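A.B. asks: one predicted model, sequence on top.
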Amino acid sequence: MKVLILGAGQVGRSAAYHLAREPENEVTVVDSNETVLRDLQSRIDVRTVAGNASYPAVLEAAGIADADILVALTSSDEVNMVACEIANALYRVPTKIARIRAPEYTSHAELFADGALAVDAWISPEQLVTEYIERLIHNPGALQIVDFADGRVRLVGMLARKGGLLVGQQVRTLKDHMPNAEARIAAIYRNARFIEPDGETVVEEGDEIFFVAARENMQRMMNEITRAEEKVRKVIIAGGGNIGFRLAKLLEPHYQVKLIERDAERARRVSERLDGTIVLHGDAQDEELLIEENIDSTDVFAAVTNSEEANVLSAMLAKRLGARKVLSLINRPTYGELMENRSIDITVSPQTVTIGSLLAHVRKGDVVRVHSLRRGSAEALETVVHGPQDKSRVVGRRIEELDLPNGAVIVALVRAERVMIAHHDTQIEPEDHIIMFLSDRRQVDAVQRLFASE
Amino acid sequence: MRPILSVLNVLGALLMLFSGYYVLPLATALVYGEAESLRVFALCAGITLAAGGALVLATWRFRRELKPRDGYLLVSLSWLAVTAAAAMPMMLGAPGLSFTDAFFESMSGLSTTGSTVITGLDKLPNTVNLWRCALHWLGGMGIIVLAVAVLPLLGVGGMQMYRAETPGPVKDAKLTPRITETAKALWMVYAGITAVCVAALWIAGMSPFEAICHAFTVMSLGGFSTHDASAAWFDSAAIEMVLMLFMLVASLNFATHFLALRRGDPGAYRRDPEARWVFVWVGVSILLLTAEITHARLYDSFGESLRHVAFATISMATTTGLVTEDFSLWPVFASMWILFLSCVVSCTGSTGGGIKMFRSLIMIKQFFREMFVLVHPSAVAPLKIAGAVISNRVVYSVLAFIFVYFMTVVILTFALLATNMDFTSALTATVASINNAGPGLGQVGPATNYGSLNDKQTWICTLAMFLGRIELFTFLILFSPSFWRK
C-alpha cells in the first residue's frame, strides 16, 4: 500500500515508523524541515520530500498521484484539511485521513460527512490520549484499557496482585466466581514472556494479565485479578498543555482536580477555561509545592507535560512523597519498559495510543480497529468477517477448526450488537465482529490472509 | 476653553431635544383643560428651546466630533442643565415652591429617587404630577441614551457618553453593532414594557391617568406618586401585585430583556448572572422579615404581614420607594435591612440605583478568592461570574467604586450631621438619596417627606442623588487635574 504522510512531527514520525516496518507498505513523508527528514530517512526505510505539505507541486513530487492513502499529520489543522481537499480535487486519492485537534472543528460531525470536507476520517492524538488516561483514572488498577465495538467490549491489561480472587487459582475457576458474567483471559505475561492461557494455567502474583469482558462486567473481572482499589477522589495533573487541559476538563466533574502548570501565561489561560479545577502556577518537580498541595493524600498523579524527562522525574517524586498511584506520559518505548511497574505505576505512550486508529485504515481486509499493546510488541484487533461460506476460510467454521497462527487468540465476538465471549466451539457467522489478541505483531499478515475473502 | 465650548454646543442640542419632551405635559394640560399649566409649560418649553438654540448658535464655530473624554463633561453638564430646565415648570406650576425645592424635586425625578418635598400631591394640577413622573421615566433609561438614539451628531463619541451614563461596571457589551441602534433598542424595550405596565395597572383598577404616572414611576424605579399616601392610597392587593411585578422586571438588566423579547429567547434570563441573585436576595429577605414582623405582632394576620413586607422589600430593594406602610415603625433590624438592600440589589443596566448586583457579586467572589489564595498560595484563580472571566482591572475599579461610594456616604452623612440633623435621619437620607431609593427613616421616613429639610440639607441630598445616578466617577473625574490637562 502506498502511504503518504504529511508532517514529520512526533505523531508523523511514529506513524511512519509503524507503517514502514510492515513490508507491504511504501511510505513517503513530507515536511518542511529538511534536517528532521534527513534524520528520519537515516533511521527508517522511507522516502522523504521537503516542502510545504499543502502545495500541489510538493504533493506531486511525493507521488500523490498513485498514493492509496494520505495521512495529514502536520501540527496545523488547516493545512491538514486543505491537503485533503487538494488530494481529493486534483488526485482522487481514495482514503484521506487528517489530524484535527481543535474541538471547534471536530464537534461538528456534519463537517466530515460525505459532500462536506474531503476528510474521510480524522484523528486527534490529544483527544485519544486524554480519553485513554481518563479511562485509566476511572478504573484504578488497570494498566491499559482499550475499547472495541464502540465501547461494548473492553480489553484490559493489569497486574495480578494478592487479594484478587483468581490469584493462585486455575483459570477455569473463573466460571465458578462469575457464573453469569462472561469474561475471558486473553493472555498472561510472566516475567515479560507470553503464556497462552488454558483452563489449567495457574494465575500467579505479578503476572501481567489481559482479559476481555463486556463493558458492564469489567469492574467485576478486575476484582478477580487484584483486590478492589479504593475509589479515586483527588487527582493532580502536572502540565497544562493540550492534554493536561483536556484531561482536567474531563475529570473535574467527577474528582477534586488540581493542575500544575509552569508557564504563568498558560496557567492563567487554562484557569479561565476550567471551572472546578484548582490551577497552580509552579513546577511539578518542586517538592515544596507538591507537599503544600497534599501530595500524600492524592490518589492519582498524572504527569502529562511535553517533556518526558520531566514527566518521569515528577512522577517518581510524587510517588516518593506518597501519591497512591502515579501515571506518566512517555514517548520512548525503552523508558516505558524501564519505569513501568517499578517507580511509576502506569506509563502511557501517546504513540501507542494513537497509532492504532491509523493502522485500522491501512490494514487490508475489514479491520475496523487496531490497538497496539505492550509498547507495540503485541496487538489487539477487531475485524469483520464476510460471507458467503464458500468464499471465506472462516465463515461457518468453529473457532477450534481455524488455522490460526501461533500466538493469535480469538477472544470475543460481537454478533448483532451482542457481546459473546469466544469458546472453542463457537461457530463464526457472516458479519461477526471478531476481536483477536496477537501476542506477536508479526503474525498480523497471516491473520489478515486468513480473514480475507477469496 | 475650546473643549468646553464644543461640549456646550452638544449640550445646546440636547436642551432643544429635551424641550420636545414637553409634549407630554402640554397634552395632559389640554386633556384636563388646565389653562394655567398649559401657559406655564408652553412658556418653559419655549425658554428651554430658545436657550438651547442660543447655545448651539453661540458655539457653532466649535462644533466638532466629541472626543471620548468630553463624554464625562457632557454627561455631568447635561444632567445639571436638564434638571434646572425641568425645575422651571415646577417652580411656576406648584405654588410656593422655592428654587431649591424645585431643583430638588426635579433632580429627584430625573435621578429616579422619588423623594418629594411637596405636600398635597393630590391637589396638584395633573400636568405637574405627570411632569414629575415623566421626569422619572426619562431619567430611568437616561437622557444621553435617548440622545444617542435620536441625535446623529453624537457620532463616535456616543459610546463614550453612553458608558459614562449607563450604570454598572461592565459596559462594553453592545447589543447591536452600532451604538445608535443599541440605544434605540433599549428605549424600544423600555417603552414597550412601560406600555404593558400601563395596561396592567389600568386593569388592576387605577384610572388611566394614574396608571400612566405610576407606570412611569415603576418602570424607572423612581418613587413619585400622585398621592401623598403613595401606593397605600389605593389599598388594593391587585395594584400592589402589579406594581411589585413590574418593579422586579425593571430591576433586571434591560439588555437581558432585549435579548429575551426582541430575539424571543427566554433563556437569556437564566444566563443572566445577576437576575437569579436578585430573586434570591429579595426572596430570602421577604421570608426573613415576614418572620420578624409576624413575631413582633404588628399586623393582625400572617397574610397582612407578608403583603406589607413583600411590598416594602421589593420597593426599597429595587430602589423604587413607593410605600404602603410606614416601615420606619418596624423593628430597626427590618427597616435597616430594607435600606441596605437598596444598596446592592439592582442589576447593571437596569433603571435602579446603588452599588448594583454585579459589583456585589464581584466583591463576594473576590472575598472567596482571597481566602482561596491563602490556602493555595500558588493557585491561579481568575474571578469568574457565570463562566465569564472578570479581569483584575474591573475588580480593582469595583473596589475603588465601592470605597468611593462608602466615603461619599460617610462625608455626606457628616455634612448632614453638621446641619444639626439627627444621626438616623442623616445616615438614612444619604443612603436613600445616593441609592436613588427615596424614603429613609426618622425625619425623612416613609410617612413624611423631604419637605421638612432646610435649604442646606436639601442641597446635600440633591448632590447625593446626582452622584448616585451618574455613579460618582463620571462627575468626580471633572475635579481631577489630569482630566483638564492636554
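C.D. replies: Perfect, thanks for sending it.
A.B. asks: which residues touch whichever residue of the stretch 51-200 of chain A sits closest to chain B?
C.D. replies: Closest contact between the stretch 51-200 of chain A and chain B, by Cβ to the nearest Cβ, is at A:Pro103 (16.6 Å). All C-beta spots, glycine's among them, are computed from the backbone N, C-alpha and C. Counting by Cβ atoms under 8 Å, 6 or more residues apart in numbering or on different chains, A:Pro103 makes contact with A:Gln127.
A.B. asks: mind redoing it with 7 Å?
C.D. replies: Counting by Cβ atoms under 7 Å, 6 or more residues apart in numbering or on different chains, A:Pro103 makes contact with nothing.
A.B. asks: mind checking how far it is from A:Ser75?
C.D. replies: 16 Å (Cβ to Cβ, to the nearest Å).
A.B. asks: now B:Ile411
C.D. replies: 60 Å.
A.B. asks: for the closest residue to chain B within the stretch 101-250 of chain A, grab the count of nearby residues.
C.D. replies: Of all residues in the stretch 101-250 of chain A, the one sitting closest to chain B is A:Gly240 (9.3 Å; Cβ to the nearest Cβ). Around A:Gly240 sit 29 other residues, with neighbours defined as other Cβ atoms under 10 Å in any protein chain shown.
A.B. asks: give me the pLDDT value at the closest residue to it other than its chain neighbours.
C.D. replies: Excluding the flanking residues, the one nearest A:Gly240 by Cβ to Cβ, 6 or more residues apart in numbering or on different chains is A:Glu261, at 3.2 Å. Note on A:Glu261: pLDDT of 95.
A.B. asks: most centrally placed residue in chain B?
C.D. replies: Closest to where the C-alpha atoms of chain B average out (Cα atoms, centre = their mean) is B:Thr112, at 3.6 Å.
A.B. asks: and residue 320, what does it touch?
C.D. replies: Chain wasn't specified; assuming chain A. A:Arg320 neighbours (Cβ under 7 Å, 6+ apart): none.
A.B. asks: try again with chain B
C.D. replies: Taking Cβ under 7 Å, 6+ apart as the test, what B:Thr320 contacts is B:114, B:218, B:221-223, B:247.
A.B. asks: now do the SS call for the residue nearest to A:Asn139 when sequence neighbours are not counted.
C.D. replies: Ranked by Cβ to Cβ, 6+ apart and with sequence neighbours excluded, the top spatial neighbour of A:Asn139 is A:Ile145, at 6.2 Å. Classification of A:Ile145 using DSSP: H, G, I helix; E, B strand; the rest coil returns strand.
A.B. asks: does A:Ile145 touch A:Val153 like I think?
C.D. replies: No: in this structure, A:Ile145 is not within contact of A:Val153 by Cβ atoms under 7 Å, at 11.2 Å.
A.B. asks: how many residues are close by the nearest residue to A:Gly407 once chain neighbours are set aside?
C.D. replies: In space, and not counting its chain neighbours, A:Gly407 is closest to A:Ser439: 3.9 Å by Cβ to Cβ, 6+ apart. For A:Ser439, the neighbour count with other Cβ under 10 Å is 22.
A.B. asks: just the pLDDT for A:Ser439.
C.D. replies: At A:Ser439, the pLDDT value in this model is 87.
A.B. asks: so A:Gln285 is in which element?
C.D. replies: Assigned by DSSP states H and E, A:Gln285 belongs to neither a helix nor a strand.
A.B. asks: just the pLDDT at the closest residue to it other than its chain neighbours, thanks.
C.D. replies: Using Cβ to Cβ, 6+ apart and skipping residues adjacent in sequence, the residue nearest A:Gln285 is A:Ser314, 4.8 Å away. On pLDDT, A:Ser314 comes in at 93.
A.B. asks: thought A:Ser314 was touching A:Ala284?
C.D. replies: Yes: counting by Cβ under 7 Å, A:Ala284 is a contact partner of A:Ser314 at 4.1 Å.
A.B. asks: overlap of the contact sets of these two?
C.D. replies: A:238, A:303.
A.B. asks: tell me how far B:Leu175 lies from B:Ser482.
C.D. replies: 32 Å.
A.B. asks: those two - which one has more neighbours?
C.D. replies: A direct count of neighbours by other Cβ under 10 Å for B:Leu175 and B:Ser482 places B:Leu175 higher, at 20 against 7.
A.B. asks: what about the closest residue in space to that one that isn't next to it in sequence, distance to A:Gly244?
C.D. replies: Leaving aside its chain neighbours, B:Leu175 sits nearest to B:Thr182 (4.7 Å; criterion: Cβ to Cβ, 6+ apart). Plainly put, B:Thr182 is 40 Å away from A:Gly244 if you go by Cβ to Cβ.
A.B. asks: check which helix or strand B:Leu339 maps to.
C.D. replies: helix B:332-344.
A.B. asks: for that helix, C-alpha coordinates in CSV please.
C.D. replies: Only the C-alpha atoms of helix B:332-344 are listed here, as CSV (Å, rounded to 0.1, in the frame of the first residue of the first chain):
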residue,chain,number,x,y,z
VAL,B,332,-34.9,48.5,63.5
PHE,B,333,-33.4,45.3,62.0
ALA,B,334,-36.2,45.2,59.4
SER,B,335,-36.1,48.8,58.4
MET,B,336,-32.3,49.0,58.2
TRP,B,337,-32.2,45.7,56.3
ILE,B,338,-34.6,47.1,53.7
LEU,B,339,-32.5,50.2,53.3
PHE,B,340,-29.4,48.0,53.0
LEU,B,341,-31.0,46.0,50.2
SER,B,342,-31.3,49.2,48.2
CYS,B,343,-27.5,49.4,48.1
VAL,B,344,-26.9,46.1,46.4
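A.B. asks: by contact count, what packs against it?
C.D. replies: helix B:275-295, helix B:302-317, helix B:423-434 (3 or more Cβ pairs under 7 Å, 6 or more residues apart in numbering or on different chains; DSSP states H and E).
A.B. asks: and residue 135, what's its pLDDT?
C.D. replies: You didn't say which chain, so I picked chain A. 91.
A.B. asks: not what I meant, chain B
C.D. replies: 94.
A.B. asks: that one contacts B:Ala85, correct?
C.D. replies: No: in this structure, B:Leu135 is not within contact of B:Ala85 by Cβ under 7 Å, at 10.6 Å.
A.B. asks: which of the two has more neighbours?
C.D. replies: Higher neighbour count among B:Leu135 and B:Ala85: B:Leu135, with 29 against 23, using other Cβ under 10 Å.
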